[in-house]
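# Output the structure for:
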Amino acid sequence: MPGRVTIADVATRAGVHKATVSRALNARTQHQVNTATVKRVQRAARELGYVPNVIARGLRTSLSMTIGVILPDLTNPLFPPIVRGIESHLSGRSYTALVVNTDGKDDAELAAFDSLLERRVDGLIVATGKVEHPLLADAYARGIPVVMLNRGTARGEYPLVVGDDAKGVTDAVEHLVRLGHRDLVHLAGPADFTTSLARSEAFTAAARRHPGLKHSIILASAFSIAAGEATMAELLARPEELPTAVVAGNDLIAVGVLRALRAHGLATPGDVSVVGFNDMPFAEDLNPPLTTVHIPHHEMGVQAARLLLEGIESGAQHGITITLPAELVVRSSTAQPREHSIRGPLTHDSTPSSS
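As a prediction, the model looks like this:
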């Protein structure tokens, strides 16, 4: 068919009115058309190669048809599946995601925030959440819908999509206790992240359910390999405090722990068992393959995009939290401690240790 394909062409091919085509091809109004007709219109649009005029639609609705996605570290393997989830939900809904990276720096985040607002984004998905996050209050005051992803703020006033941190860490502790471990350390992330706080609280609560289980928490300076390695090296400098197992705040910290142990001639899991968190794509390819907590990050992105588009459409902002399931994936980085056969399993007659 010569020239640009129009809505009228699609309507003729599908045997419906032009208004029906508009509703059927717009995710916001699709529910007004029966499913069979929507499929017929979509098929006609594909066959004709029809491309919606997103700019014109945006002018009619006063929307830019773009959203901003603010990430703390684009190189972190956690985020590609999340971004793919976001884009998979936006696909077919005429929205485009503008992804910006802050490198975890406040000034870079401020610059990204201003840049996205200049581009008139219709809403923001923010993965840089901290316990205190004044930029979000600024967005809220301007009437810009915000959805937080992976970590939130202390007050929880914004929509949030997270994994079940408490269950994940609890399952990790229970797994290690069943193996016979009696001395655990949690290498947590920085204290200004809600994920660090949630995982630390879950670790302490789970450990206290087992009297006699020695447990402590050490804060790493970042959720990174370098921070995990440095923090574990400091612990290894005090061999009398060496635990039989480490629950890392995330998989990157766990990789740093493995490196530090290897540098000190210690084996995993022979000398120290290690558990990560997130089940990043590389986890099963480590040596040894990492026992870790799996979080469905692609689905996290899908749900964040869904919440944001609903907020843009309704104009309402609610502090709803969607918690996605966590599942412990047991691989080869955890095993019985070597002294297990001598010291025996945990008993409830031991004296509990505080963390």
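# Please, where are all the strands along the stretch 1-150 of the chain?
66-71, 96-101, 124-126, 146-149 (DSSP state E, counting those that start in this stretch).
# Which elements pack onto the shortest one?
Okay, so that is strand 124-126. Packing partners of strand 124-126 (3 or more CB pairs under 8 Å, 6 or more residues apart in numbering; DSSP states H and E): strand 66-71, strand 146-149, helix 297-314. Yep, even glycine has a C-beta here, placed from its N, CA and C like the rest.
# which of those sits most buried?
Ranked by mean neighbour count under mean count of other CB atoms under 10 Å, the helices and strands packed on strand 124-126 are led by strand 146-149, which reaches a mean of 28.
# what's the closest of the strands of the stretch 1-150 of the chain to residue 254?
Comparing the strands of the stretch 1-150 of the chain by their distance to residue 254 (CB to CB), the top pick is strand 66-71, with 20.9 Å.
# Parallel or antiparallel, list what pairs with that closest one.
strand 96-101 (parallel), strand 124-126 (parallel) (DSSP bridges).
# would you put the C-alpha positions of the longest one in PDB?
Spelled out, that is strand 96-101. Presented in PDB, the C-alpha positions along strand 96-101 are these (Å, rounded to 0.1, in the frame of the first residue of the first chain):
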ATOM      1  CA  THR A  96       9.500   4.800  25.900                       C
ATOM      2  CA  ALA A  97      11.800   4.500  28.900                       C
ATOM      3  CA  LEU A  98      14.700   7.000  29.300                       C
ATOM      4  CA  VAL A  99      17.300   5.200  31.500                       C
ATOM      5  CA  VAL A 100      19.900   7.200  33.400                       C
ATOM      6  CA  ASN A 101      22.800   6.100  35.600                       C
END
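# List the buried residues of it.
For strand 96-101, burial by neighbour count (16 or more other CB atoms under 10 Å) applies to 97-101.
# Dump the strands of the stretch 1-150 of the chain to TSV, plus distance to residue 158.
Conversion of those to TSV gives the following (distance: least, CB to CB, whole Å):
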stretch	distance to residue 158
strand 66-71	13
strand 96-101	18
strand 124-126	8
strand 146-149	5
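# Of those, which is nearest residue 111?
Closest approach to residue 111 among the strands of the stretch 1-150 of the chain is made by strand 96-101 (8.7 Å; CB to CB).
# residues contacting the residue most central in space within the chain?
The chain has residue 150 as the residue nearest its centroid, 3.7 Å off, counting by CA atoms, centre = their mean. Neighbour list for residue 150: 78, 82, 127, 129, 161-163, 195, 300 [criterion: CB atoms under 8 Å, 6 or more residues apart in numbering].
# domains of this structure?
For the chain, automatic domain parsing gives the domain ranges 7-52, 62-162+297-324, 165-294+329-343.
# so can I have CSV of those domains showing mean pLDDT?
Listed next are those as CSV, based on pLDDT from 0 to 100:
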stretch, mean pLDDT
domain 7-52, 82
domain 62-162+297-324, 89
domain 165-294+329-343, 95
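# Could you export the strands paired with strand 66-71 to JSON lines, including columns for distance to residue 288?
Listed next are these as JSON lines, based on distance: least, CB to CB, whole Å:
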{"stretch": "strand 96-101", "distance to residue 288": "31"}
{"stretch": "strand 124-126", "distance to residue 288": "35"}
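# just so I know, which of the ones you listed lies nearest residue 229?
Between those, strand 96-101 lies closest to residue 229; by CB to CB that is 23.1 Å.
# residues in contact with residue 47?
Taking CB under 8 Å, 6+ apart, one finds residue 13 in contact with residue 47.
# That one and residue 234: what is the separation?
Separation of residue 47 from residue 234 (CB to CB, to the nearest Å) stands at 64 Å.
# do the same with residue 125
Counting by CB to CB - residue 125 and residue 234 are separated by 36 Å.
# Comparing the two, which residue is more hemmed in?
The neighbour count for residue 125 versus residue 234, taken as other CB atoms under 10 Å, is higher for residue 125 (27 against 12).
# What's opposite the more buried one in the beta bridge?
The residues listed as beta-bridge partners of residue 125 by DSSP bridges are residue 69, residue 147.
# how far away is it from residue 35?
With distances taken as CB to CB, residue 125 is found 29 Å from residue 35.
# the strands in the stretch 251-355 of the chain, which residues?
When assigned using DSSP E, counting those that start in this stretch, the strands of the stretch 251-355 of the chain occupy the ranges 273-275, 292-294, 321-324, 327-329.
# With adjacent residues omitted, what lies nearest to residue 257?
Nearest residue to residue 257, sequence neighbours excluded (CB to CB, 6 or more residues apart in numbering): residue 232, at 4.5 Å.
# hmm, I was thinking of residue 338
Residue nearest to residue 338 in three dimensions, not counting chain neighbours: residue 270, with 6.6 Å by CB to CB, 6+ apart.
# so that neighbour makes contact with residue 334?
No - using CB atoms under 8 Å, residue 270 makes no contact with residue 334, being 11.1 Å away.
# Between the two, which has more neighbouring residues?
Using other CB under 10 Å, the more surrounded residue of residue 270 and residue 334 is residue 334, with 25 against 12.
# Now the phi/psi pair for the more buried one, please.
phi -130, psi 140 (degrees, to the nearest 10).
# list the contacts for it?
Residues in contact with residue 334, defined by CB under 8 Å, 6+ apart, are 175-176, 179, 245, 269, 273-275, 291.
# Okay then, goodbye and thanks.
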